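Participant: Sharing a model that was predicted from the sequence below.
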Amino acid sequence: MLVAKVIGNVWSTKKLDSLHALRLLFVQPLDRKLKPAGEVLLAADEIGAGDDELVIITLGTPAMQAIKRDTPVPVDAVVVGIVDSFEMFEDAK
Amino acid sequence: MLVAKVIGNVWSTKKLDSLHALRLLFVQPLDRKLKPAGEVLLAADEIGAGDDELVIITLGTPAMQAIKRDTPVPVDAVVVGIVDSFEMFEDAK
Amino acid sequence: MLVAKVIGNVWSTKKLDSLHALRLLFVQPLDRKLKPAGEVLLAADEIGAGDDELVIITLGTPAMQAIKRDTPVPVDAVVVGIVDSFEMFEDAK
Amino acid sequence: MLVAKVIGNVWSTKKLDSLHALRLLFVQPLDRKLKPAGEVLLAADEIGAGDDELVIITLGTPAMQAIKRDTPVPVDAVVVGIVDSFEMFEDAK
Amino acid sequence: MLVAKVIGNVWSTKKLDSLHALRLLFVQPLDRKLKPAGEVLLAADEIGAGDDELVIITLGTPAMQAIKRDTPVPVDAVVVGIVDSFEMFEDAK
């Protein structure tokens, strides 16, 4: 999983039916210093993450498990939690 | 998922039967400024995305879920939606 | 999927039984200008791609769907088609 | 799999029910010299890895297999072992 | 799949039961010139690859298919063959 920051929304009307009513967020993955690292992703969100919140993102097939519908939903990134707090033990480069 | 721009088509006659009549697009993944980021991909499209359109791409096994046929189709990238609009909350580097 | 060029063969005698008689090609992924981009891969081929041909490669679990045998074959890259032609709409950097 | 060092913890209260009571660690992937290589990940841990310990991380769908619950858990990285020792045969660049 | 060189071993006592008695090798992925390319991985081996041997590695969920046990084994990289010989047709940069 990755820690990422919510940085935007995207809207799509013409899309697969299986994605109906699914909220899609732009999220920026972060490094251990919480600086942007790597490219922005689109992640589905059913938890209700807000702007600028730190979230936990699951990628790939496991992300599909996080969206419970009658049929599998073709998403490859999902918000699975909102970060309350964290600690880093070590800061070596 | 990624936001990408449709930049081309590819045609293949000699291919697996399971890919029969499946439209394949070249798409360029974009960064948060909508500039090209990373290498071009081939994505299957059943939505009908047009040249230069911004699309949402799902990668990996979840992409297979997006193509409904009698047997699983061996694709690893699919257009799942066309972007209507988006907003970015933050632009920090 | 990726567009790649066939650049070589690899032979292996001591291998898993499930890979028996499966042709393995070195393929070089290409960018939008058809220049090499990223590292060479080994891809299974049942289509019969030839030296220097441009091929379409599916990666990951979907690649397993492309090899039809009695049991799943542990491959993560497969040639799913040979490129006839293509067009690129745009060439922006 | 990757060898990584445990460098922190993250806590999340508002998360998917399927992640209930699952410990999430920040881990830093290491290169062959055991120097940091690539970005930090979040990995689920049911083994009980401690601060600064070297661990073995499995990524992707196989990681889901490592967490045994009634339903699949949407994680894409899991601690599957703690490193006792290792040897490197060669050190060529 | 990737061609890689076996460069070391790792031992782990405290690990998931599902990994019991599974040999884990450090492998270095190689480029088309057989030079190291990218970071070292840990791969499970049931073929019996030796030090410095060139091996074929399957990554991701397909790797799980290569380890036959009663339950799925959470590995994401497996040695599926040992390279006998290979040829490269082209050497363009």
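Facilitator: Good, I have the coordinates. Only a predicted model underlies this, so the values are computations on that prediction, with no experimental measurement involved. Numbering: from 1, shown residues only, chains lettered A, B, ... in the order given.
Participant: what residues are up against the closest residue to chain C within chain A?
Facilitator: For chain A and chain C, the shortest gap (CB to the nearest CB) falls at residue A:61, measuring 7.2 Å. The way it works is simple: take the backbone N, C-alpha and C, and place the C-beta from them, glycine included. Residues in contact with residue A:61 (CB atoms under 8 Å, 6 or more residues apart in numbering or on different chains) are A:76, B:60-62, C:61, D:60-61, D:64, E:61.
Participant: try residue A:25
Facilitator: Taking CB under 8 Å, 6+ apart as the definition of contact, the neighbours of residue A:25 are A:6, A:8-10, A:42-45, A:49, A:79.
Participant: Could you look up the SS state of it?
Facilitator: Here residue A:25 takes the strand state, with states given by DSSP: H, G, I helix; E, B strand; the rest coil.
Participant: How about residue A:69?
Facilitator: Three-state secondary structure (criterion: three-state DSSP) places residue A:69 in coil.
Participant: tally of neighbours for it?
Facilitator: The local packing count at residue A:69 equals 12, with neighbours defined by other CB atoms under 10 Å in any protein chain shown.
Participant: circling back: if you go by neighbour count, which of the contacts of residue A:25 are buried?
Facilitator: A:6, A:8-10, A:42-45, A:49, A:79 (16 or more other CB atoms under 10 Å in any protein chain shown).
Participant: If we check chain C, which of those residues are in contact?
Facilitator: If you filter the buried ones among the contacts of residue A:25 for contact with chain C, counting by CB under 8 Å from any CB of the partner chain, you are left with nothing.
Participant: Of these, which is the nearest to residue B:28?
Facilitator: Out of those, the one with the shortest distance to residue B:28 is residue A:42. That distance is 15.4 Å, counting by CB to CB.
Participant: Is there any residue in whichever strand or helix holds that closest one that contacts chain D?
Facilitator: Under the assignment given by DSSP states H and E, the secondary-structure element containing residue A:42 is strand A:41-45. No. With CB under 8 Å from any CB as the measure, strand A:41-45 is seen stopping short of chain D, the closest distance being 11.1 Å.
Participant: Give me the residues contacting that strand.
Facilitator: A:4, A:10, A:22-27, A:29, A:55, A:57, A:63, A:66-67, A:73, A:75, A:77-79, B:1-3, B:56.
Participant: Strand B:54-59 and the following helix or strand past it, what's the angle between them?
Facilitator: The element immediately downstream of strand A:41-45 (helix or strand, assigned by DSSP H and E) is strand A:54-59. With axes from the mean of the first three to the mean of the last three CA atoms, to 10 degrees defining the directions, strand A:54-59 sits at 60 degrees from strand B:54-59.
Participant: Up against chain E, what does chain A have?
Facilitator: Counting by CB under 8 Å from any CB, the residues of chain A lying close to chain E are residue A:61.
Participant: mind showing which ranges of chain A have poor pLDDT?
Facilitator: Of all residues in chain A, those with pLDDT under 70 make up the ranges A:90-93.
Participant: ok and the residue in it nearest chain B?
Facilitator: Of chain A, the residue with the smallest distance to chain B, taken as CB to the nearest CB, is residue A:15 at 3.1 Å.
Participant: Next, count neighbours for that residue.
Facilitator: Burial of residue A:15 is recorded as 20 neighbouring residues (other CB under 10 Å).
Participant: Do I have it right that residue A:57 meets residue A:81?
Facilitator: No. The pair residue A:57 / residue A:81 is not scored as a contact, 9.1 Å apart, by CB atoms under 8 Å.
Participant: follow-up on the earlier one: and which of the buried ones among the contacts of residue A:25 is nearest to residue B:85?
Facilitator: When the buried ones among the contacts of residue A:25 are compared for distance to residue B:85, the smallest value, 7.7 Å, is given by residue A:10; criterion: CB to CB.
Participant: ok now do the nearest residue to that closest one once chain neighbours are set aside, which residues does it touch?
Facilitator: Sequence neighbours aside, residue B:86 is the residue nearest to residue A:10 in space, at 4.1 Å (criterion: CB to CB, 6 or more residues apart in numbering or on different chains). Residues near residue B:86 by CB under 8 Å, 6+ apart: A:8-11, A:26, B:3.
Participant: can the residues you listed go into JSON lines with extra columns for secondary structure?
Facilitator: Listed next are these as JSON lines, based on three-state DSSP:
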{"residue": "A:8", "secondary structure": "strand"}
{"residue": "A:9", "secondary structure": "strand"}
{"residue": "A:10", "secondary structure": "strand"}
{"residue": "A:11", "secondary structure": "strand"}
{"residue": "A:26", "secondary structure": "strand"}
{"residue": "B:3", "secondary structure": "strand"}
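Participant: Tell me the buried residues within the contacts of strand A:41-45.
Facilitator: Neighbour-count burial (16+ other CB under 10 Å) applied to the contacts of strand A:41-45 gives A:4, A:10, A:22, A:24-27, A:29, A:55, A:57, A:63, A:66-67, A:73, A:75, A:77-79, B:1-3, B:56.
Participant: Which of the three states applies to residue A:62?
Facilitator: Three-state assignment for residue A:62 (three-state DSSP): helix.
Participant: May I have the phi/psi pair for the closest residue to residue A:73 other than its chain neighbours?
Facilitator: Beyond its immediate neighbours in the sequence, the residue positioned closest to residue A:73 (CB to CB, 6+ apart) is residue A:67, lying 4.5 Å away. With angles defined as degrees, to the nearest 10, residue A:67 shows backbone torsions of phi -110, psi 110.
Participant: Test my guess that residue A:67 contacts residue A:78.
Facilitator: Yes. Assessed by CB under 8 Å, residue A:67 is found in contact with residue A:78 at 6.2 Å.
Participant: hmm, back to that, so the residue of chain A closest to chain B touches residue B:81, yeah?
Facilitator: Yes. Using CB under 8 Å as the test, residue A:15 is close enough to residue B:81 to be in contact (3.1 Å).
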